Each structure stands twice: as C-alpha cells, then as structure tokens.
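Q: need coordinates for the below:
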Amino acid sequence: MRGHPDRAGRVNNSIEIGTDAAGAPVRIDVQELLATRLLVQGNSGSGKSHLLRRMLEESAGLVQQIVIDPEGDFVTLADAYSHVVVNAGDYNEREIATMGARIRAHRASVVLSLESLDIEAQMGCVAAFLNALFDAPRDHWFPALVVVDEAQMFAPSASGDVSDAVRRASLGAMTNLMCRGRKRGLAGAIATQRLAKLAKNVAAEASNFLMGRTFLDIDMARAADLLGMERRQAEAIRDLERGHFLGLGPAISRRPLSVRIGSTQTATRMGTHSLLPLPAAEPQNMRTMLFAEMESAPPRPAPPPPKPAPASELMRQFADQEPARALSDGENEAEAPPAIDPAPIVGAVLEDMLADPECAFHPEAFLYQDFSVRCRMQRLAQVPLDLAAFRRRFALAKGGIFDPADPRWTGMLDAAARLPDDMLAPFLLIAQAATAGARCPDDDMLGRAYGTRSAGRIRRLVEYMEKQGAIVVRSDFGGRARSAFPNWGSAPRPSEHVAQLVQ
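A: As a prediction, the model looks like this:
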C-alpha cells in the first residue's frame, strides 16, 4: 500500500515490504530511506534478491530507481514497469558514462545488467557508471534510489584477483555513493552475502538494516552489532527462515523487528530451483542417446544474437520513459477516463506542501521529488511542471499566489519581472502588504520566503531589490523604513524591523 494516511490525516510516502511476527504490515518510509540509506545482508538463498525486488516494485511509482545487477536478476522489472535495461557488455566505458549522465538528466529508472562481463570488467563498468551519476551537474541532483546487489564485489574489504587500479576505482565509486551521495540525491541500498567481505567504510554509512540468515560467527557478530543486539542474541540470525529478515532503522523501525517479505509481481529469469523428476528412460536407451553416432550433415548454425541497441537509442528511451499509459485489452479510446485538469491540483499540492513550516528550507531537488510524488498520488499521469517551472510556481506559492493566471496579480508579477525566481516570494509578500496597507513582513517571514535564517542575507536581499528598482526604501526621522513601489503608489506601514534590516 503506497501513500497511506497517518493518524493526523497526512500522507506518508511509505511502502509495505511484508509482515511482522503478529501479521501486521511492515512499511519502509521511502522519503526517510533516501536520507539514511539501506544495508541488506544474508547468505546465498536467504532471500536478499527477493527482498530487493519487493522494495523496487513497491516504490517504482515513488522514486527514480537505478539498479546495479551483476547477474541479470532484475532485468524482468522492465516487463512490468518503465525500467530501461542497459546490457553493459554492449557498450564501451565512454558510452556507459554518457548514459549515467543522461539517466540523471532525464530521471530514468534503469537496470544496468553486468552478467556478460567478467568480475574485473564489472568493477570497471560500475566505477565509470557511478562516477557519472555522482558527477552530474547540480541541476540534475534529483533523488534516486541506487540499488547495488552483491555489493561485496564492488566494495571488497581486501584485495582479490583484480588489479589494484580497478579495485580502487570501484571502491572509491561505492564510497562516494554511500558517504557523499546523499547531498547529490543518490541514496544507496546495497546488499551483500558476507558483511566481513564488504568494506567497513561503505557498510558503516547505512542507517537502515535488514539482516537475513547467516551462519559464520564473524558475520553474525557484525550483524548483531549493527542491530544493537547482544552477542548471545546473535544466534537468532542463524535461525531465520528463508525470506525472513530482522529490520532496524529510522525508515523501518526504532527497535529490531522480524519481517517476512511479501510476494512480488515479477520473477527472475533463472526459473525455479525446486526438485524435478528425472527423465523416464531405460539405461540402454540413455546410453544410446549419449553415444549415438554424429550425423554426417553439419548441424545448423545457431541464429546470430540480436544486435545491441545503439547507445543513442537507449538515451532516447531515457527521455521518453514515461509515455502515455496504454489502454488495456478490451478497452477502446471512447472508454478511456477523462483527462484531469492539473491546474487546481498543482495549486492544492503546493498549498499542502507549504503547510509544513520547514518546507521552505528543504533543498530544491527534495521539494521537486515531494511535489512529483504528491501529483502522482492525485492520479496525474505525468508531473505537470518541470524543475524550472516548479521553481517559479513554488516561489509564487510562498508569496501567496497559487494561481498566477488570476488578473489580480498581473501588476505585481509585472513589477517582479526583473527579479530572479528565488526573490519572487519575499517581493510578493512586501507587495501584498503594500496593497493591503498592512505592516511590512518581518525578517522571519522574509527569511522563510527566501529559504534562509540569516539576517544578513535578508538585508542584502532588500538592498538588491531596491537596486533593481523593484522597490524603493525610504527612512523617516524615527528610523523606520517605508517600502514604495515604482509601478503603483502603494507603501506598507512603517516597520521598525525592516528599518533595522535596510539601514
């Protein structure tokens, strides 16, 4: 269940990953996960890949997803969701890096399949790909969930059979993802079979943990330490069943709890590992089939493998990843639901966002992601504003204008045309006070509108608006300031607080 309301009636960006021992649903707060990262540990066969698949499926509509897939397990996500599969073996390092940059620019959900590469090539490819994600320009720092399966391969705790240069490059890229990626919108969710084989500085950056079955004492001890359990309680990790995990962290639970992972809609291409009956053939017949003479005619050549898609074609798919939703079988265009007018929804979403007093101080990329999620919850097929348009509309909303098309605001918006978008909100607050004959907003109001708590920045803001001719500040003999507007003769009432800022 996505976006369930809490007791206060607000919408939480959480997903259900399974149930606890009592059968109650266990949820992960995706928004909190993006800020605090995730570490999944469990021996082979414990259900790590199933857990990651459940998490990816449930959050597919909430956040951009980038999957590092060493074995090609997750390529089937593209069958049910909008993920683009990139077969790393078909492209060179430069093309992989270019794709990484395009993925951030277009916010495409991608599965990077590494199954056709040997381990050293996989590590080199991942290093180039993650570095491209990390080095994206600031305007492209949108929130993205970066899932890395078998993370011990790319962040090993000790040197192995690969060259030192490749190992250092891969380890450095993984360290950047987990240690410094949060400020760039990259949230790492890594999974490993052995905690002892994973570099400690990479594992230590995660604040959320899902620990599955493990048998080695060293791994149980590290898992127990991360979960805050006593060493004598570590035996519980050895007794976990397949698909059962112990979860802890701000995005999951404040106390360790047992989680039974729920079912998934997609499955791996590897098929089942269940026992199958042997073929019913007599021993003599089986011997005949195995040692029969080869036919004189040469066997038919195998069909050539499909040509890999050009890198340019994949990049076009990144840009076009969210096409209009196709009608299901049996439906026709006449039965399609009517289009939803996004204008009132945008205004309502912005007003709801601004109900949080801390909203104005959040990073722009975080706000845009929140806006996108809220729009999708209102059943809009596409986000109605790109980042630049959102920046302006959010500034107008902070200034009290939720419908820019309303003719009441034409004069104010014309007067603000010479100001950058980030200054619109404080200007509009002063302008509305002028038209209403009210007092000038104080530094707290202007700071919230401008996204700062610094009185010095507010003072420089007012001075800049005056230099641009948007406002005229005059002081009377009492040391109080009056803000006048050249385009119309309105002025707010004197405010000693503003006078202190502009003197």
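Q: residues near Arg392, how many?
A: 15 (other Cβ atoms under 10 Å). (Glycine included, C-beta is placed from N, CA and C.)
Q: can you name the next helix or strand after the longest strand seen in the chain?
A: The longest strand of the chain (DSSP state E) is strand 253-261. Downstream of strand 253-261, the next assigned helix or strand under DSSP states H and E is helix 283-291.
Q: measure the residue sitting nearest the centre point of the chain to Gln65 for me?
A: Taking Cα atoms, centre = their mean, the centroid of the chain lies closest to Ala144, which sits 2.6 Å from it. Computed as Cβ to Cβ, to the nearest Å, the Ala144 to Gln65 distance reads 7 Å.
Q: can you list the domains in this structure?
A: Per the record, the chain has its domains at 14-267, 341-398, 403-503, by automatic domain parsing.
Q: out of those domains, deepest packed?
A: Comparing the domains of the chain by mean neighbour count (mean count of other Cβ atoms under 10 Å), domain 14-267 ranks first with a mean of 20.
Q: how far does that one stretch from start to finish?
A: End-to-end span of domain 14-267 (Cα to Cα, to the nearest Å): 23 Å.
Q: test my guess that Leu216 contacts Ala196.
A: Yes: using Cβ atoms under 8 Å, Leu216 is in contact with Ala196, at 7.3 Å.
Q: the closest residue in space to Leu77 that isn't next to it in sequence: what's it in contact with?
A: With Cβ to Cβ, 6 or more residues apart in numbering as the criterion, Leu77 has its nearest non-adjacent residue at 4.6 Å, and that residue is His83. Neighbour list for His83: Ala60, Gln65, Val67, Leu77, Ser109, Val110, Val111 [criterion: Cβ atoms under 8 Å, 6 or more residues apart in numbering].
Q: what's the closest of these to Ala21?
A: Nearest to Ala21, judged by Cβ to Cβ, of these is Ala60 at 27.7 Å.
Q: can you pull the phi/psi pair for the nearest residue to the closest one once chain neighbours are set aside?
A: Nearest residue to Ala60, sequence neighbours excluded (Cβ to Cβ, 6+ apart): Tyr81, at 4.7 Å. Phi and psi for Tyr81, reported as degrees, to the nearest 10, are phi -130, psi -170.
Q: what does the one 4 residues further on give?
A: In terms of degrees, to the nearest 10, the main-chain angles of Val85 are phi -90, psi 130.
Q: pretty sure it contacts Val75?
A: Yes: when contacts are counted by Cβ under 8 Å, Val85 is listed as touching Val75 (4.8 Å).
Q: can you list residues touching both of the two?
A: Residues touching both Val85 and Val75 (Cβ under 8 Å, 6+ apart) are Val111, Ser113.
Q: tell me the helix or strand right after the helix ranked longest in the chain.
A: Across the chain, the longest stretch assigned as helix under DSSP state H is helix 119-134. Per DSSP H and E, the first helix or strand lying C-terminal to helix 119-134 is strand 144-148.
Q: quick one: the residue nearest to Leu77 from Leu275, how far?
A: Applying Cβ to Cβ to His83 and Leu275 gives a distance of 32 Å.
Q: contacting residues for the nearest residue to Gln317 once chain neighbours are set aside?
A: Using Cβ to Cβ, 6+ apart and skipping the chain neighbours, the partner closest in space to Gln317 is Val84 (4.9 Å). Val84 is in contact with Ala78, Ala108, Ser109, Val110, Val111, Leu314, Gln317, Phe318, Gln321, counting by Cβ under 8 Å, 6+ apart.
Q: beta partners of Val84?
A: Val84 has the following beta-bridge partners by DSSP bridges: Val110.
Q: quick one: it and Met99, what's the gap?
A: Counting by Cβ to Cβ, the gap from Val84 to Met99 is 9 Å.
Q: likewise for Gly160?
A: For Gly160, the distance to Met99 - Cβ to Cβ - is 27 Å.
Q: quick one on the thing from earlier: need the contacts of Val84 in CSV with distance to Leu130 and pLDDT, can you?
A: Shown next, in CSV, are those (distance: Cβ to Cβ, whole Å; pLDDT from 0 to 100):
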residue, distance to Leu130, pLDDT
Ala78, 21, 91
Ala108, 16, 92
Ser109, 16, 94
Val110, 12, 95
Val111, 15, 95
Leu314, 18, 73
Gln317, 21, 73
Phe318, 17, 72
Gln321, 20, 63
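Q: okay if I get the residues you listed as CSV plus distance to Ala348?
A: Output for the contacts of Val84, formatted as CSV (distance: Cβ to Cβ, whole Å):
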residue, distance to Ala348
Ala78, 34
Ala108, 28
Ser109, 27
Val110, 32
Val111, 35
Leu314, 37
Gln317, 33
Phe318, 31
Gln321, 27
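Q: count of neighbours near Ala311?
A: Ala311: 18 neighbours (other Cβ under 10 Å).
Q: contacts only, for it.
A: Tyr91, Glu95, Thr98, Met99.
Q: could you verify that the third one is part of a helix?
A: Yes: residue state for Thr98 (DSSP: H, G, I helix; E, B strand; the rest coil) corresponds to a helix.
Q: against Ser44, how distant is the residue nearest to it when sequence neighbours are not counted?
A: Spatially, and ignoring its direct neighbours in sequence, Thr98 is nearest to Ala311 (6.9 Å; Cβ to Cβ, 6+ apart). Distance, Ala311 to Ser44, by Cβ to Cβ: 34 Å.
Q: repeat that for Ala169.
A: 27 Å.
Q: do Ala191 as well
A: Distance from Ala191 to Ser44, counting by Cβ to Cβ: 11 Å.
Q: so Ala191 bridges to which residues?
A: Val40.
Q: residue contacts, it?
A: 39-42, 48-49, 51-52, 147-151.
Q: go with 10 Å
A: Ala191 is in contact with 38-42, 48-49, 51-52, 147-152, 198, 210, 212, counting by Cβ atoms under 10 Å, 6 or more residues apart in numbering.
Q: can you give me the strands for the stretch 201-350 of the chain?
A: Using DSSP state E, counting those that start in this stretch, the strands found in the stretch 201-350 of the chain span residues 208-211, 244-249, 253-261.
Q: run me through the strand neighbours of the longest one, direction for each.
A: Read that as strand 253-261. strand 14-19 (antiparallel), strand 244-249 (antiparallel).
Q: what does the shortest one give?
A: Taking DSSP bridges as the criterion, strand 208-211 sits next to strand 38-41 (parallel), strand 244-249 (antiparallel) in its sheet.
Q: can I get these in CSV with distance to Phe371 and mean pLDDT?
A: Formatted as CSV, the strands paired with strand 208-211 follow (distance: least, Cβ to Cβ, whole Å; pLDDT from 0 to 100):
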stretch, distance to Phe371, mean pLDDT
strand 38-41, 24, 91
strand 244-249, 26, 89
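Q: helices and strands around whichever strand or helix holds Val166, which ones?
A: Secondary-structure assignment from DSSP H and E places Val166 in helix 164-175. Counting contacts by 3 or more Cβ pairs under 10 Å, 6 or more residues apart in numbering; DSSP states H and E, helix 164-175 is packed against helix 119-134, helix 200-203.
Q: now do the same contact list for Glu241.
A: Counting by Cβ under 10 Å, 6+ apart, Glu241 has contacts Ser46, Gly47, Gly212, Arg213, Ser258, Arg260.
Q: so which of the strands of the stretch 201-350 of the chain is nearest Val373?
A: Using Cβ to Cβ, the nearest of the strands of the stretch 201-350 of the chain to Val373 is strand 208-211, at 19.3 Å.
Q: just for the stretch 101-250 of the chain, where's the confidence low?
A: Applying pLDDT under 70 to the stretch 101-250 of the chain flags residues 215, 217, 229-235.
Q: state the pLDDT value of the residue in the chain sticking out farthest from the centre.
A: Within the chain, the residue lying farthest from the chain centre (Cα atoms, centre = their mean) is Gln284, at 59.8 Å. Here, the pLDDT recorded for Gln284 equals 70.
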